[in-house]
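> predicted model, plus sequence, below.
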Amino acid sequence: MKDYRDYSLLSYNTFGMDVKASRFLEYTSVDELVMLLSECRNDKPFLHIGGGSNLLFTSDFKGTVLHSAIKGFEIVGETDSYVDIKVGAGEVWDNFVEYTVCNGLYGAENLSIIPGEVGASAVQNIGAYGVEVKDIINTVHALCIEDLSSKDFTNEECCYSYRNSIFKGDVKGKYIVTYVTYRLSKIENYHIRYGNISLELEKKGLALSLHNVRNVIIDVRHSKLPEPSVLGNAGSFFMNPVVGVEKFDELLALYPDMPHYPFDENRIKIPAGWLIDKCGWKGKRVGLAGVYEKQALVLVNYGGATAGNIIGLADEIIKSVENRFGVTLLPEVNYI
């Protein structure tokens, strides 16, 4: 267990904001978490963070920050067709993906090298290349901050939707995720139609396998996304907008080449990066902040940018897309 005062959060946010927390607490077990919450749960303000890959700190945090260091993988169920694996919320997400691929388990490979930790995956409903983590979550194990009781949320109870869950809605700030149980398939099954995964496999002359799909996805992501250690960023800054059929038809008539993906029976998802690129933002730099030259969905800190610089740039992009397309972009990043 760690307990620090006036603690730098530089290594806990991928945007590279050199801010401090008045107090920083890190725990390695549920028992330690219970003990800490008994003491600090009424501290104001109070914030639980993961790897900080979805946060933009606007200033020093004048309160208590908690961070999970609960680790470990445990097989808690198995049949001929699937394996249930319970994972500590403090595990690095991609370490878990690597574990599944190395053990011949299907379902997580499309989510390779998404930054962050296991606990946050269940809160954010992370997704990439046609797969969302909700597709493999069986149970989310959490601790109630108010009465320190444990609760297991079924997949259905998590109310998952695009980049959303009950933990960002009805029970926001009321529970802390301690473990997540994922259900991985033993049966060979791939999702390679989204994006250019199938094409990349063919170009490289690679056979269809878990390792090859993971490696291709890693290569594609590396080609599009900067390393936070080089350029501060939070990956995708905006969520892909979802529009109704009428609005979609209107836009498609104007832009026949517009990429799009079905969301449900009545709505279509449009890539935010394409909209931003069409507005001329890709590669554009505004002072110490900018839009990444290889992926318009990524805002970057060129070194020394303030949160205000990043937010100001984001606001200008939102206005630009609204003016041209009549579509409102929403940040995926949380401003703290």
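Okay, I see it.

> from now on I want contacts and neighbour counts done on CA atoms only, so please keep to that.
Fine.

> ok, the residue nearest to Gly283 when sequence neighbours are not counted - contacts?
Distances taken as Cα to Cα, 6 or more residues apart in numbering put Glu293 closest to Gly283, at 3.7 Å, once the chain neighbours are dropped. Glu293 makes contact with Lys282, Gly283, Lys284, according to Cα atoms under 8 Å, 6 or more residues apart in numbering.

> distance from the centroid: which residue in this structure tops it?
Ala253 (32.5 Å; Cα atoms, centre = their mean).

> quick check, it in a strand?
No - Ala253 is assigned helix when assessed by DSSP: H, G, I helix; E, B strand; the rest coil, not a strand.

> which residues touch stretch 267-279?
Residues contacting stretch 267-279 (Cα under 8 Å, 6+ apart): 238-245, 248, 258-263, 282, 295-297, 317, 320-321, 324-325, 329.

> how about low-confidence regions in the chain?
195 (pLDDT under 70).

> the longest strand in it is where?
strand 175-185 (DSSP state E).

> which helix or strand lies directly C-terminal to it?
helix 197-204 (DSSP states H and E).

> show me the contacts for Phe57.
Here Phe57 is in contact with Asn13, Met17, Val19, Ala307, Tyr335, Ile336 (Cα under 8 Å, 6+ apart).

> hmm, I typed the wrong one, I wanted Ala296.
Gly273, Trp274, Ile276, Asp277, Trp281, Lys282, Gly283.

> between all of those, which two are separated the most?
With distances taken as Cα to Cα, the most widely separated pair in the contacts of Ala296 is Trp274 and Gly283, at 13.1 Å.

> how close does Tyr179 sit to Ile137?
Distance of Tyr179 to Ile137, computed by Cα to Cα, to the nearest Å: 11 Å.

> can you report phi and psi for the residue nearest to Val286 when sequence neighbours are not counted?
Among residues not flanking Val286 along the chain, Leu313 sits closest, at 7.3 Å (Cα to Cα, 6+ apart). The phi/psi pair for Leu313 (degrees, to the nearest 10) reads phi -60, psi -40.

> burial count for Asp31?
10 (other Cα atoms under 10 Å).

> tell me which element it falls in.
Judged by DSSP H and E, Asp31 forms part of helix 30-40.

> sorry, back to before: could you dump the contacts of Ala296 into CSV with secondary structure and distance to Leu37 added?
Listed next are the contacts of Ala296 as CSV, based on DSSP: H, G, I helix; E, B strand; the rest coil; distance: Cα to Cα, whole Å:
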residue, secondary structure, distance to Leu37
Gly273, helix, 40
Trp274, helix, 44
Ile276, helix, 42
Asp277, helix, 45
Trp281, coil, 44
Lys282, coil, 44
Gly283, coil, 44
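
> switch those over to CSV; also include neighbour count and distance to Val101.
What follows is the contacts of Ala296, written out as CSV (neighbours: other Cα atoms under 10 Å; distance: Cα to Cα, whole Å):
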residue, neighbour count, distance to Val101
Gly273, 20, 29
Trp274, 17, 31
Ile276, 21, 34
Asp277, 18, 34
Trp281, 22, 37
Lys282, 21, 34
Gly283, 16, 34
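
> Throw those into a markdown table and include distance to Val230, thanks.
Compiled in a markdown table, those are given as follows (distance: Cα to Cα, whole Å):
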| residue | distance to Val230 |
| --- | --- |
| Gly273 | 21 |
| Trp274 | 24 |
| Ile276 | 23 |
| Asp277 | 23 |
| Trp281 | 21 |
| Lys282 | 18 |
| Gly283 | 16 |
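
> which of the three states applies to the closest residue to Ser149 other than its chain neighbours?
Spatial nearest neighbour of Ser149, chain neighbours left out: Leu143 (5.7 Å); criterion: Cα to Cα, 6+ apart. Three-state assignment for Leu143 (three-state DSSP): strand.

> Leu143 contacts Phe153, doesn't it?
No - in this structure, Leu143 is not within contact of Phe153 by Cα atoms under 8 Å, at 10.6 Å.

> what about Ile114, neighbour count?
19.

> also Ser81?
11.

> so for it, what's the nearest residue that isn't a sequence neighbour?
Lys186 (5.1 Å).

> likewise Gly304?
Leu288 (6.5 Å).

> residues touching Tyr106, list them.
Applying Cα under 8 Å, 6+ apart to Tyr106 gives the contacts Thr100, Leu184, Ser185, Lys186, Ile187, Glu188, Asn189, Tyr190, Leu210.

> hmm, back to that, got the contacts of Glu293 as a markdown table, with distance to Lys44 columns?
Listed next are the contacts of Glu293 as a markdown table, based on distance: Cα to Cα, whole Å:
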| residue | distance to Lys44 |
| --- | --- |
| Lys282 | 40 |
| Gly283 | 40 |
| Lys284 | 39 |
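
> in the stretch 51-200 of the chain, which spans are strands?
Ranges of strands in the stretch 51-200 of the chain, per DSSP state E, counting those that start in this stretch, are 55-56, 61-68, 73-78, 82-88, 127-128, 131-132, 137-144, 150-154, 175-185.

> of all those strands, which lies closest to Tyr4?
Comparing the strands of the stretch 51-200 of the chain by Cα to Cα, strand 61-68 comes nearest, at 9.9 Å.

> now for the closest one, which elements pack on it?
strand 20-27, strand 46-49 (3 or more Cα pairs under 8 Å, 6 or more residues apart in numbering; DSSP states H and E).
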